[in-house]
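# Sequence and predicted structure below; questions after.
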There are 2 protein chains.
Amino acid sequence: MTDSPLRLGIAGLGRGFMLLLPTLAAHPGIRLVAAADPREEARRQFVADFSATAHAEVSALCADPEVEAVYIATPHQYHREHVEMAARHGKHVLVEKPMALSLADCQAMIEAMRRAGRWLMVGHSHSFDVPYLRTRALLDSQDFGAVRMISALNYTDFLYRPRRPEELDTARGGGVMFSQAAHQVDVVRLLGGSPVTSVRAATGCWDASRPTEGAYGALLTFENGAFANLTYSGYAHFDSDELCGWSGELGQPRDPREYGQARARLAQLQDAEEEARVKNARTYGAGLSLADTSLADISHNHFGFVVVSCERGDLRPTPQGIDVFLDGRRYREPLPRPRIPRREVLDELIAAVRHDRPPIHSGEWGMATMEVCLAMLESADLGRDVTLSHQVSLAQSIEYNGEVVSR
Amino acid sequence: MTDSPLRLGIAGLGRGFMLLLPTLAAHPGIRLVAAADPREEARRQFVADFSATAHAEVSALCADPEVEAVYIATPHQYHREHVEMAARHGKHVLVEKPMALSLADCQAMIEAMRRAGRWLMVGHSHSFDVPYLRTRALLDSQDFGAVRMISALNYTDFLYRPRRPEELDTARGGGVMFSQAAHQVDVVRLLGGSPVTSVRAATGCWDASRPTEGAYGALLTFENGAFANLTYSGYAHFDSDELCGWSGELGQPRDPREYGQARARLAQLQDAEEEARVKNARTYGAGLSLADTSLADISHNHFGFVVVSCERGDLRPTPQGIDVFLDGRRYREPLPRPRIPRREVLDELIAAVRHDRPPIHSGEWGMATMEVCLAMLESADLGRDVTLSHQVSLAQSIEYNGEVVSR
């Protein structure tokens, strides 16, 4: 409670930062001391919002002695370079998902941070959301017995939101396998609690004008015999927020009458250039600032419909609470509306840095999630199972620098 | 309209018959002229209810000159024998799902009926339900473009309803792979509309006291590139009728407050013997008759949550109507409550026998569904994909005796 606030530096003032901005600003344990972004307008806004330092280069941010930890929210393809940079300067790191675009990059990031003796975390992903963390805690209570099966599905308009060209290019980390499967797989791995052993997936590239994976179906098997079905469509017209009490992914109230807006807005744009321009016109420092964010009327984040089937009962995490189904009784364990949504990712970071509590979402954890996502792409390509070799169980995942701390 | 009613004989007055009984009795195109069952009480009840003939042996029913078509609703393992018997006597056949327990049996049934020059149909399965047939018609309208992905899930207490020992023995056709996957696969094949090429599945046997498959997850790929995720739990505490407007599988209104009744009732029974006794005490002729059935307050049948993702829109069949999602508009196409639920299976039979209209649910169709179900078992056992060789597309499925009739 008497900890000094963590002095955080932000690498990249783009969309990842915008999503976490209200949480960063409201969290009492965080002080934003510096940022780096190539856009001058973003740097100017950051200085105005936080009376803090703004660098043009990530290298300068990493060298800034005021900074204890760096939140790396630069485009996916730069994650490895920027983590290695932070490691060289002895900073702790929170790197946005997807951790990186290859397992070699993930491995290099883990090794760089291990050599530096600093904490590495991957997030925010939706597996930090309170409904899933609370479900995990209920599973650990042994009231339910072993997890046997998980079903997770999510139908969104992901592919029709304004995109820059690289967001529609799989080779550069575009499409749903990196941006969306990384969430769903992370949630399923957290709830499964056992290493994933094999992945069979099919992917869909259904729109030639947006030539990347926008949908997938996958069957994951776990070491303990459990299995999981994952379904995702980013082309969806059906919106699975309907199954989540019309609460949105980011906890925002959804109005079911506002239907099909993403496609409608996109249809008004001339070309990819105008689309990128529209996207860039609504970023931090260009139309958006701290004043545009709010935590009011925000419920828990979520990533679609999820049911966990256990030996003695089922659990359904929802933004409003955990629906608990046991022999003879069902009830909802309500979840109070969060005062600071998404704070869990920062809490986990602070606990690591200030109290040496190994995070769930370590580098090894993030790499295991990426291995599943990459295996889904490979399996869809090969038309057969892909076996995995970098998986960690929940217990193993909280090993850090050779030290194992039990949950 | 001036057709004489089809003179139908019933082989087996058990649960399959009980489920179809109100439909059989109400359908103006059907006359129940005979039945066969080894239980004298069932035969007595049939004579009382229908002023018809009752035989102790299926062979006698098949030889009965009054009978034009036989509805074979005997236990799964007798289907082949009884279909061959009907064929020898030149009867048309409607055989209950699962068609048989092996592909060799399915093949033999198809060949016997082809040699006899009589129609063979497999059903009732839930792919006859109006919501799925209507969805198929919408897909055929071309408004939606090609089917790309199907997600189907169903959470029930199937395994905890009263069972006879063979219903919990996979080798004898027990468990959800024969009784429940046969429905879900049939629905998904109908909606997919393209031959299934490969199956990857995992199955769950989670209760040692009921040692058969009670759950599965599967990924099916179709020849046209589409894929489907299937999830089923018969161990469920969560009840997916919640996602179907609390309408039950058989169209009955469900009361969400009546929770966990199957397990509670089962817990009061001493052993398997008492369980079988309880089950047998509530069958046709033993506690139940035509007077116990009703078509009042019955909505369309369904088999859980289903979403079909297409090129230009999504379709969600529900017992109340088809939820249609297109660019810029969503609406529900309401389905009027059926006057005679489940009549579609009889309509298809009558259309075949009276008007030579090849049924969708032919022997070849039923065999293709069984091949998928058996492949799911094999895939779960082997831990890899199983490729298929007896699949038919919807168009091919309506070939009969070498004649192809376009839909």
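Everything's here; your move. Numbering: from 1, shown residues only, chains lettered A, B, ... in the order given.
# A helix includes A:Gln142, no?
No - looking at A:Gln142 with DSSP: H, G, I helix; E, B strand; the rest coil, it is coil, so not inside a helix.
# Can you tell me how far it is from A:Trp246?
Per C-beta to C-beta, to the nearest Å, A:Gln142 is found 34 Å from A:Trp246. (C-beta placed from N, C-alpha, C; glycine too.)
# With neighbour numbers in mind, choose between the two.
A:Trp246 (14 against 9; other C-beta atoms under 10 Å in any protein chain shown).
# ok, now which ones touch that one?
If you count contacts by C-beta atoms under 8 Å, 6 or more residues apart in numbering or on different chains, A:Trp246 has them with A:Pro253, A:Arg254, A:Asp255, A:Pro256.
# again with A:Ser389
Applying C-beta under 8 Å, 6+ apart, we find A:Ser389 in contact with A:Glu371.
# So A:Ala351 sits against A:Pro359, correct?
Yes - counting by C-beta atoms under 8 Å, A:Pro359 is a contact partner of A:Ala351 at 7.3 Å.
# Among the contacts of A:Trp246, which one has the most neighbours?
A:Arg254 leads those on contacts (other C-beta under 10 Å) with 15 neighbours.
# hang on, it packs against A:Ser240?
No - between A:Arg254 and A:Ser240 there is no contact under C-beta under 8 Å: 10.9 Å.
# now the nearest residue to A:Leu394 once chain neighbours are set aside: how far from A:Ala116?
Once flanking residues are discounted, A:Leu394 sits nearest to A:Gly193: 5.0 Å by C-beta to C-beta, 6 or more residues apart in numbering or on different chains. Counting by C-beta to C-beta, the gap from A:Gly193 to A:Ala116 is 30 Å.
# ok, now how distant is A:Lys50 from chain B?
Actually, residue A:50 is Phe. It isn't Lys. A:Phe50 is 42 Å from chain B, where distance means C-beta to the nearest C-beta, to the nearest Å.
# Tell me which residues touch that residue, please.
Going by C-beta under 8 Å, 6+ apart, A:Phe50 touches A:Ala25, A:Leu32, A:Val33, A:Ala35, A:Leu290.
# which bits of the stretch 151-300 of chain A sit near chain B?
Contact residues (C-beta under 8 Å from any C-beta of the partner chain) of the stretch 151-300 of chain A with chain B: A:151, A:153, A:155, A:198, A:200-202, A:204, A:206, A:215, A:217-219, A:221, A:227-231, A:233, A:235-238, A:243, A:259-260, A:263-264.
# how does it look with 7 Å?
Within the stretch 151-300 of chain A, the positions near chain B by C-beta under 7 Å from any C-beta of the partner chain are A:151, A:153, A:155, A:198, A:200, A:202, A:204, A:206, A:215, A:217-219, A:221, A:227, A:229, A:231, A:233, A:235-238, A:243, A:259-260, A:263-264.
# Among these, which lie within helices?
Cross-referencing those against helices under DSSP state H gives A:Arg263, A:Ala264.
# Of the residues of the stretch 151-300 of chain A next to chain B, just the buried ones, ChimeraX syntax please.
One line in ChimeraX is enough to select the buried ones among these; burial here means 16 or more other C-beta atoms under 10 Å in any protein chain shown:
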select /A:151,153,155,198,200,202,204,206,215,217,218,219,221,227,229,231,233,235,236,237,238,243,259,260,263
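# Thanks a lot, catch you later.
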